[in-house]
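Student: Provided below for reference: sequence and predicted model.
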Amino acid sequence: MNIRDMECFLKICEQNSISAAAQSFFMTPQAVSKEVKRMEQELGTPLLFRSQKGVVPTEYGKVFLEHAAHMVAEFHDTAREITELHQQNEGFLRMVSAYGILRFLSPEFIRTFVEQSPTVHLDYMEYPDIYIEENVLNEKYDVGLVLYLHERDELTYIPLFSREIFFITHPGSRFYDCPEVSVRDIAAEPMIIENDNFLIHHIMEETCRREDADLDVYFNTSGFSLCYKLCKEHKGNTASMDFIFHDMGDMTLHRIPFHEHPRWNVALIHKKDVPLSDNLQCFIRHSQIWCRKMMKA
C-alpha cells in the first residue's frame, strides 16, 4: 500500500463513487476496484460497501479513512518542506518585509547580501505590517522582516533593531516648543496616523490604553507621506520614527519625545520546526551583523 492508494481511497469516499475517483486519477473503474481489493486484502477487512448514497466506507473503512487522510497530509507537508529546502540550498530565498524596514536598512542591505552571496537568488516583496507573519506562516515566504508587539508561538523571532516613536507637530501647535509630551497631554489634539494595517497604529493605541488615554484620530492614512503633508498643513499632528522624520526633510516640523517612549521593534522571523537552509542561515547572519553595525553608527 502506498500514498497513491490512500489518495485514491480518499477520493472514493469524498465522491462516494469508484467511477468518479477513477476519472480523477485517469484510471479505469476496474483498476481502482483492484486497488481497493488489494488494500482490503492487505488489511484483512472490507473497507467499502454500496449504499443508497453510493460507495461509502465500512466501520473499518472509517477508521482507515481518518488515518489515511492524516498520512497523506503528512506526506505532502514533508514533500513540500523538502522541496522548499532544496530550492533554498539551490539558491532560491524568498523574503518578505513590512513597509519602512528596508527604508531604514537602506538598499545597501539587499545589495551587499547579494554581492556576498552570488549563488543566492533573493526574491523579496513588501507588504503592510499585518500581512508579514501570515505570509511566513503560510510558507509563501521563507523569512520575514516584521514589526511586532507580541510574538506568535508558531514563529521564531530574532530581534534586529528598535526605534523610538516621536510626536511630530507643526508651528501652530501649542506643543511645538515642548521638550516632551505624554499621550494624556495630546489626547484632545487631532492626530493623523497610519491605519490599522500598520503596527504604529496599534503601538499608539496600546500606549494610550496603558495610560488610560484616547487619541483623537483626525485621519487614518496608508503612508507616512500623507501624515506629514497634513501635519505641515496644520490639519493635525502625527507620530513616526526619527529616520522617517529626517527623510521628510521639513524643518518647520518638530520631533518631540513621548514621555512613555513607545518603540517600533523589528525582528527577523521564520517558521518554527522548519529546517533552515544554508542560504537562510547566511541571510540571518547578514541581517544581524548589518543591524549591529547600524546601531553602533
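Tutor: Here it is on my side, so go on.
Student: and the helices in the stretch 151-297 of the chain, which stretches?
Tutor: Secondary structure of the stretch 151-297 of the chain (DSSP state H, counting those that start in this stretch): helices at 199-210, 224-232, 242-248, 278-296.
Student: and among those, the most buried is which?
Tutor: Highest mean neighbour count among the helices of the stretch 151-297 of the chain (mean count of other CB atoms under 10 Å): helix 224-232, with a mean of 20. The way it works is simple: take the backbone N, C-alpha and C, and place the C-beta from them, glycine included.
Student: what sits up against that one?
Tutor: The contact list for helix 224-232 (CB atoms under 8 Å, 6 or more residues apart in numbering) reads 100, 168-170, 192-194, 218-219, 221, 236-238, 240, 244, 248, 250, 252-253.
Student: low-confidence stretches in the stretch 51-200 of the chain?
Tutor: 79, 83-91 (pLDDT under 70).
Student: quick one: the strands in it?
Tutor: Remark: strands assigned in the stretch 51-200 of the chain by DSSP state E, counting those that start in this stretch are 54-57, 92-98, 121-127, 143-147, 155-169, 190-194.
Student: closest one to residue 12 among those?
Tutor: Smallest distance to residue 12 across the strands of the stretch 51-200 of the chain (CB to CB): 5.9 Å, for strand 54-57.
Student: buried residues in the closest one, which are they?
Tutor: Buried residues in strand 54-57, counted by 16 or more other CB atoms under 10 Å: 55, 57.
Student: and that strand, which strands flank it?
Tutor: strand 48-51 (antiparallel) (DSSP bridges).
Student: only alpha carbons, please: show the strand it pairs with as CSV.
Tutor: Extracted in CSV, the C-alpha atoms of strand 48-51 (Å, rounded to 0.1, in the frame of the first residue of the first chain):
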residue,chain,number,x,y,z
LEU,A,48,-16.2,-0.1,1.3
PHE,A,49,-19.8,-1.1,0.7
ARG,A,50,-22.5,0.1,-1.7
SER,A,51,-25.5,2.0,-0.2
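Student: quick one: contacts of it?
Tutor: Counting by CB under 8 Å, 6+ apart, 12, 36, 55-58, 61 sit against strand 48-51.
Student: kindly recompute the last result at 6 Å.
Tutor: The contact list for strand 48-51 (CB atoms under 6 Å, 6 or more residues apart in numbering) reads 55, 58, 61.
Student: mind putting the residues you listed into CSV with distance to residue 157?
Tutor: Converted to CSV, those look like this (distance: CB to CB, whole Å):
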residue, distance to residue 157
55, 49
58, 48
61, 44
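Student: among the helices of the stretch 151-297 of the chain, which is nearest residue 82?
Tutor: The closest of the helices of the stretch 151-297 of the chain to residue 82 is helix 278-296. By CB to CB, the value is 14.7 Å.
Student: other SSEs contacting the closest one?
Tutor: In this structure, helix 278-296 makes packing contacts with helix 59-89, strand 155-169, judged by 3 or more CB pairs under 6 Å, 6 or more residues apart in numbering; DSSP states H and E.
Student: with mean neighbour count added, can I get the ones you listed in CSV?
Tutor: CSV is the format used below for the helices and strands packed on helix 278-296 (neighbours: other CB atoms under 10 Å):
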stretch, mean neighbour count
helix 59-89, 14
strand 155-169, 19
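Student: quick one, which of these gets closest to residue 136.
Tutor: The nearest among the helices and strands packed on helix 278-296, by CB to CB, is strand 155-169 at 6.5 Å.
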